[in-house]
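Chemist: sequence and computational prediction follow.
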Amino acid sequence: MALLSLTSCAQKKVNKEDIMTMEHVQNVLNSYKIIKTYDYNPDYTLHIEKAANYTFELLVNDFPVFINYDPGALTGSIPINEAILQAGQQSITVRMTPPVNEEFNMSASIDLALAELKLAVEYGDYGREKTADFKEVFRYELPALKGEVPTYEIKLHFEAPLVPYENDIIGWQQSVDLSQEDEGALFQEVEAFYKEMIALYETTRDVNGLAAKYYKRRKDIAQCYYSNKAWKAQKIIDEWIKDVNDERPFLFSGYVMKLYGNGRLVKLAKIDDKYYLNYSALIREDEDGNAVQYYMFLHRPKPGAPLEVIR
């Protein structure tokens, strides 16, 4: 795959006052007004209490919520509402790959005797409860194992008893199963979409165009997290202004197409750079190695429709 040269030429900076009255920018700015809150607004959090001696991709309902290809052990907490579309049983998948050393070179295998994993899921309403009163709905610890394997996958389940926004967002539940489409044609369509997005960031510096592309995602995620504050919508616009003024070139090469969401979501993932393994192909980097990625998942809302950003 040839490297696409997308280095920016010197252009006039985009200022806030230049774009604030544009149609799609206004739609995003006003989107907080249509976000609902409920009698109880639970936030679900996946806690990684320990993950050590492997790299991994972590998915909820086949939607990636976290990746780690760094050396060493890891702990952390991840909000996961945007991956939960309906109440009831939810899935967790841990896709383990071999560990990397301090130079980010990956080993040939996972030593399962050294692998450690502890996970928990809890939920609660930050506006009404102390975090100490949040309810735990899931806990898991990897049992003692032996052997060396190139990869290892764990599939788990938990119950989400309350998802108040489930009737107010659709997400990708009714989207087309892209795994049934022609793979070559789909790849070309996805690749063209990414190139169009890069042009909006880098060539035309079009914040209004980004607002149009990202509106559905912005509205869905805001609803999942009950985000009905004007300043949060404004923060999104401010970030896009910063992004289009970024002079770092995109590294749009060395990627593959990956399906998620049980075949209903698609992204391009980097595979040619050990420092950015499985990152979004929408990534830019300066000569000193300072990088930023823009995660993006596409779906086809109905047969024959063009692809759209959904996450």
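Modeler: Thanks, I have the structure now. Residues are numbered from 1 along each chain as shown.

Chemist: so which residues of the stretch 101-250 of the chain form strands?
Modeler: Ranges of strands in the stretch 101-250 of the chain, per DSSP state E, counting those that start in this stretch, are 110-111, 116-124, 135-141, 148-149, 152-160.

Chemist: pull the residues that contact the second one.
Modeler: Contact with strand 116-124 is made by 42-53, 73, 80, 92, 94, 131, 133-142, 154, 156, 158, 160, 162, as judged by Cβ atoms under 8 Å, 6 or more residues apart in numbering. The C-beta positions use only the backbone N, C-alpha and C, and glycine is treated the same way.

Chemist: low-confidence ranges in the protein?
Modeler: Applying pLDDT under 70 to the chain picks out residues 1-10.

Chemist: tell me where it has helices.
Modeler: All helices of the chain, identified by DSSP state H, fall at 16-19, 23-29, 183-198, 207-224, 230-244.

Chemist: check which residues of the shortest one are buried.
Modeler: Same thing as helix 16-19. Using 16 or more other Cβ atoms under 10 Å as the test for burial, helix 16-19 gives residue 19.

Chemist: from here on, count from 501
Modeler: Sounds good: first residue 501 from here, last item helix 516-519.

Chemist: coming back round to it: redo the strands of the stretch 601-750 of the chain as a markdown table? Include distance to residue 561 and mean neighbour count.
Modeler: Output for these, formatted as a markdown table (distance: least, Cβ to Cβ, whole Å; neighbours: other Cβ atoms under 10 Å):
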| stretch | distance to residue 561 | mean neighbour count |
| --- | --- | --- |
| strand 610-611 | 24 | 20 |
| strand 616-624 | 12 | 19 |
| strand 635-641 | 13 | 14 |
| strand 648-649 | 25 | 14 |
| strand 652-660 | 10 | 15 |
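
Chemist: can you redo the ones you listed as a markdown table with distance to residue 700?
Modeler: What follows is the strands of the stretch 601-750 of the chain, written out as a markdown table (distance: least, Cβ to Cβ, whole Å):
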| stretch | distance to residue 700 |
| --- | --- |
| strand 610-611 | 40 |
| strand 616-624 | 36 |
| strand 635-641 | 39 |
| strand 648-649 | 42 |
| strand 652-660 | 35 |
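
Chemist: for these, which one sits closest to residue 692?
Modeler: strand 652-660 (31.9 Å; Cβ to Cβ).

Chemist: which other helices and strands contact that closest one?
Modeler: Packing partners of strand 652-660 (3 or more Cβ pairs under 8 Å, 6 or more residues apart in numbering; DSSP states H and E): strand 588-597, strand 616-624, strand 635-641.

Chemist: partner strands of the shortest one, parallel or antiparallel?
Modeler: Here the strand partners of strand 635-641, with direction, are listed using DSSP bridges: strand 616-624 (antiparallel).

Chemist: now the strand it pairs with against strand 588-597, angle please.
Modeler: Here the directions of strand 616-624 and strand 588-597 differ by 150 degrees (axes from the mean of the first three to the mean of the last three Cα atoms, to 10 degrees).

Chemist: can you give me how far strand 616-624 is from the chain middle?
Modeler: Distance, stretch centre to chain centre, for strand 616-624: 19 Å (Cα atoms, centre = their mean, to the nearest Å).

Chemist: got the CA coordinates for it in PDB?
Modeler: Provided in PDB are the C-alpha atoms of strand 616-624 (Å, rounded to 0.1, in the frame of the first residue of the first chain):
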ATOM      1  CA  GLU A 616      -2.600 -11.800  35.400                       C
ATOM      2  CA  LEU A 617      -6.100 -10.300  34.900                       C
ATOM      3  CA  LYS A 618      -8.600  -8.900  37.400                       C
ATOM      4  CA  LEU A 619     -11.800  -7.100  36.100                       C
ATOM      5  CA  ALA A 620     -14.900  -5.600  37.800                       C
ATOM      6  CA  VAL A 621     -17.900  -3.700  36.500                       C
ATOM      7  CA  GLU A 622     -20.000  -1.400  38.700                       C
ATOM      8  CA  TYR A 623     -22.700   1.200  38.100                       C
ATOM      9  CA  GLY A 624     -24.200   4.200  39.900                       C
END
